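Trainee: What follows is a predicted protein model with its sequence.
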Amino acid sequence: MITALDHLQLTAPPGSEPALRAFYAGALGMTEIPKPPELAGRGGCWFTVDGGRIRLYLGVEGHFRPTTKAHPGLRVADLDACAERLAAHGAPVVWDSSLPPDRRIYCQDPVGNLLEFVGPGGPAGEPVVPGVRGVGTKVKV
């Protein structure tokens, strides 16, 4: 019945679009795509990667509360490079090695939404990445 995931939407507070653009486009390298005219007035921003195959929407919610349990799991080709890039942009990164064979990190976007990044397995023990806190720490999700 279901054949694919069309998009994922997270919420954000009003006025947070500049910080979201800096994080999702700057830190994560996603491409912002224009919202349809009938939705543009609602605020928020939309991003894509992989030629539009993966889409993440951030919608504005007046009584915003970040997602601290529910979260997207985003697969990356190079988890170490992802962690370094996030740390370079000031995003706190927490490593989690509790679900082998994949390795994973967690961070929060600028408005507090939890994000998980999953990469291929590697040698036991997590690398020490400068500027990254919580190396080897297990997080409760």
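Mentor: Here it is on my side, so go on. Numbering: from 1, shown residues only.
Trainee: I'd like the distance from the helix ranked longest in the chain to the chain centre, please.
Mentor: Secondary structure assigned by DSSP state H gives helix 79-88 as the longest helix of the chain. Put simply, helix 79-88 sits 12 Å off its chain's centre (Cα atoms, centre = their mean, to the nearest Å).
Trainee: Could you name the helices and strands sitting against the next helix or strand after that helix?
Mentor: Next helix or strand after helix 79-88 toward the C-terminus (DSSP states H and E): strand 94-96. Contact analysis of strand 94-96 by 3 or more Cβ pairs under 8 Å, 6 or more residues apart in numbering; DSSP states H and E lists strand 103-108 as its packing neighbours. All C-beta atoms are positioned from the backbone trio N, CA, C, and that covers glycine.
Trainee: okay, the strand it packs on in PDB with CA atoms only?
Mentor: Provided in PDB are the C-alpha atoms of strand 103-108 (Å, rounded to 0.1, in the frame of the first residue of the first chain):
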ATOM      1  CA  ARG A 103      26.600   4.300  14.000                       C
ATOM      2  CA  ARG A 104      24.500   7.300  14.900                       C
ATOM      3  CA  ILE A 105      24.600  10.800  16.300                       C
ATOM      4  CA  TYR A 106      21.900  13.100  17.600                       C
ATOM      5  CA  CYS A 107      21.700  16.800  17.600                       C
ATOM      6  CA  GLN A 108      19.100  19.500  17.900                       C
END
